[in-house]
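*Asks:* My questions concern the predicted model and sequence given below.
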Amino acid sequence: MSLVAEQEESDELKEFRASARAFLASHFKAVPTVGISGTTLGDTDTSKEAEDRHVEESRAHQKILADNGWAGITWPTEYGGRGLTTKHQRVWAQEQSKFLVTTGFFSVAIQMVGPTIMAHGTPEQKEYFLPRILCGEHIWCQLFSEPGAGSDLAGLTTRAELDGEEYIINGQKVWNSGAHFADFGILLARTDFDVPKHKGISYFLADMHAPGIEVRPLMQITGFSHFNETFMTDVRIPAAHLLGGLNNGWAVAHTTLSFERSMIGGGGTGLGFKALLALAREFNVTNDACTRQELAKCYTRFELLRMLGLRARANAKKGIAGAESSVMKLAVSNRVQADGDFVLAMQGPRAMLHYDDAQDGGMWQNLFLNQWSIRIGGGTEQVQRNIISERVLGLPSDIRTDKTAPFRDLPKN
């Protein structure tokens, strides 16, 4: 936080900051070195046992926050949150980053699923799901993309057919972060093939432990299996778990995607500017003119994202799906690309090392390799540019004949 921001902070926010810091200090260990807060980029153990331990630690840490009233800072009080402002959330995030709080597995649930259920859910859905998200009982994943419907998400072919009080689901999803340990998933499926493709989609809350769901982890270039492909064969979902109404899934999905872009834009990699500066000092390159210029660009990128994040969270609190979420997502993509290249360039030939042989256990190499998952996840850079051009700048969209024809008549990927 800058000195100007500290000086402008109200007495109430200062009191909140002190309270947050005292709570965190009494329940969690402080970050021992700069750069590892809020990220698993420094991890080198890719075993399932290590991941299982991390998941259980995340559940335990989330429960500590919930039991002490620090979960869901901006969530309304009627849903178990504190009902505070985005300024309070910013202060909390700043203080939490100084401690080893392992709650990243709940980011999808708290920042995407919860707000979507608040906006579109029935009273029964809110009563059941929201408290279980905050207390750490339910981890969620996202079941949107398909092998034949990635950037063109509305081209999905996973089918949902009503059978009495249940829907029967058949299809395949892919790039499902954390699906192999998730308890529930937000699922898009086609419920009407005879209307235009955007109008025949419904949004479900799917139990990931239900019979017929098979999750297959996908190994990434980092050696970890964060993503998955998910197969659904005659999976039964209660009709009561339809969110937002029949065939209204595209509108509900827009809510989720807006929150997702804000989450990715606000989170990025978890590594701050100070971490990059510390690396430059470690390699004694801070006197190099080109390095200093790149550091200045890094700082500028971080500050722009911070300010965009404040605006996005303020709009999200008001229930507005602002355009800055796509602007932020694109800015994050540009940032992780530039930072990934820069941190390796600073290391020179030693950048070719990895894991125990590399600087900080290979954390910087993981930062470089992990950039593509961040740049693709939540919508590619090309998708974000289309959204910005059409919805922000008001430019005409490409001529498309598939928006009005019945989905059944369209060619499938």
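*Replies:* Arrived safely. Residues are numbered from 1 along each chain as shown.
*Asks:* Which parts of the stretch 301-413 of the chain are helices?
*Replies:* 324-347, 363-376, 381-387 (DSSP state H, counting those that start in this stretch).
*Asks:* Okay, and the residue of the chain most remote from its centre sits in which element?
*Replies:* Ranked by distance from the centre of the chain (Cα atoms, centre = their mean), the top residue is N287, with 36.5 Å. N287 is located outside every helix and strand, with elements delineated by DSSP states H and E.
*Asks:* quick one: low-confidence ranges for the stretch 251-400 of the chain?
*Replies:* When the per-residue scores of the stretch 251-400 of the chain are filtered using pLDDT under 70, the ranges that remain are 262, 264-270, 312-323.
*Asks:* a markdown table please, covering the helices of the stretch 301-413 of the chain and showing mean neighbour count and distance to K274.
*Replies:* In this view, the C-beta of every residue, glycine as well, is placed from N, C-alpha and C. Written out in a markdown table, the entries for these read as follows (neighbours: other Cβ atoms under 10 Å; distance: least, Cβ to Cβ, whole Å):
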| stretch | mean neighbour count | distance to K274 |
| --- | --- | --- |
| helix 324-347 | 22 | 13 |
| helix 363-376 | 21 | 14 |
| helix 381-387 | 17 | 27 |
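*Asks:* surely E57 meets T102?
*Replies:* Yes - contact criterion Cβ atoms under 8 Å: E57 and T102 qualify, at 4.8 Å.
*Asks:* More neighbours: which of those two?
*Replies:* Legend: neighbour count by other Cβ atoms under 10 Å for E57 and T102, higher for T102 (19 against 15).
*Asks:* Pull out the buried positions in stretch 406-413.
*Replies:* Within stretch 406-413, the residues that qualify as buried are F407, counting by 16 or more other Cβ atoms under 10 Å.
*Asks:* looking only at pLDDT, what's the mean for that stretch?
*Replies:* When pLDDT is averaged along stretch 406-413, the result is 86.
*Asks:* export that stretch as PDB, just CAs?
*Replies:* Once side chains and other backbone atoms are set aside, the C-alpha atoms of stretch 406-413 remain, and they are given as PDB (Å, rounded to 0.1, in the frame of the first residue of the first chain):
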ATOM      1  CA  PRO A 406     -32.200 -23.400 -34.100                       C
ATOM      2  CA  PHE A 407     -29.200 -25.000 -32.400                       C
ATOM      3  CA  ARG A 408     -30.200 -28.400 -33.800                       C
ATOM      4  CA  ASP A 409     -29.600 -27.100 -37.400                       C
ATOM      5  CA  LEU A 410     -26.100 -25.700 -36.700                       C
ATOM      6  CA  PRO A 411     -22.900 -27.500 -37.600                       C
ATOM      7  CA  LYS A 412     -21.300 -28.900 -34.500                       C
ATOM      8  CA  ASN A 413     -17.500 -28.900 -33.800                       C
END
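*Asks:* Just checking the distance from that stretch to the centre of its chain.
*Replies:* Averaged C-alpha coordinates place stretch 406-413 at 31 Å from its chain's average position (Cα atoms, centre = their mean, to the nearest Å).
*Asks:* Same check on stretch 75-95?
*Replies:* 18 Å.
*Asks:* quick one: average pLDDT of that stretch?
*Replies:* Within the predicted structure, the mean pLDDT of stretch 75-95 is 90.
*Asks:* distance between the ends of that stretch?
*Replies:* As for stretch 75-95, its first-to-last residue distance stands at 18 Å under the measure Cα to Cα, to the nearest Å.
*Asks:* Who are the contact partners of the residue farthest from the centre of the chain?
*Replies:* Under the criterion of Cβ atoms under 8 Å, 6 or more residues apart in numbering, the contact list for N287 is empty.
*Asks:* I'd like the domain boundaries of this protein, if you could list them.
*Replies:* Domains of the chain are assigned by automatic domain parsing as 17-102, 140-247, 268-379.
*Asks:* would you list the ones you listed in a markdown table and tack on distance to I388?
*Replies:* Converted to a markdown table, these look like this (distance: least, Cβ to Cβ, whole Å):
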| stretch | distance to I388 |
| --- | --- |
| domain 17-102 | 22 |
| domain 140-247 | 15 |
| domain 268-379 | 5 |
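*Asks:* Helices of this protein, start to end?
*Replies:* When secondary structure is read from DSSP state H, the chain shows helices at 3-8, 11-27, 48-67, 86-96, 107-108, 114-120, 123-134, 249-267, 273-282, 289-317, 324-347, 363-376, 381-387.
*Asks:* just how off-centre is the shortest one within its chain?
*Replies:* So the one you mean is helix 107-108. Relative to its parent chain, helix 107-108 has a centroid offset of 5 Å by Cα atoms, centre = their mean.
*Asks:* Equivalent analysis for the longest one, please.
*Replies:* Here the centre of mass of C-alpha atoms in helix 289-317, compared against the chain's by Cα atoms, centre = their mean, lies 18 Å away.
*Asks:* Kindly report the same for the last one.
*Replies:* Helix 381-387 has its C-alpha centroid displaced from the chain centroid by 18 Å (Cα atoms, centre = their mean).
*Asks:* now the second one
*Replies:* Using Cα atoms, centre = their mean, we find the averaged C-alpha position of helix 11-27 to lie 26 Å away from the chain's own average C-alpha position.
*Asks:* Kindly report the same for the fourth one.
*Replies:* Offset of helix 86-96 from its chain centre (Cα atoms, centre = their mean): 17 Å.
*Asks:* hang on, the earlier thing: nearest to S225, of the helices of the chain?
*Replies:* helix 48-67 (8.2 Å; Cβ to Cβ).
*Asks:* for the closest one, what is the average pLDDT?
*Replies:* When pLDDT is averaged over helix 48-67, the result is 92.
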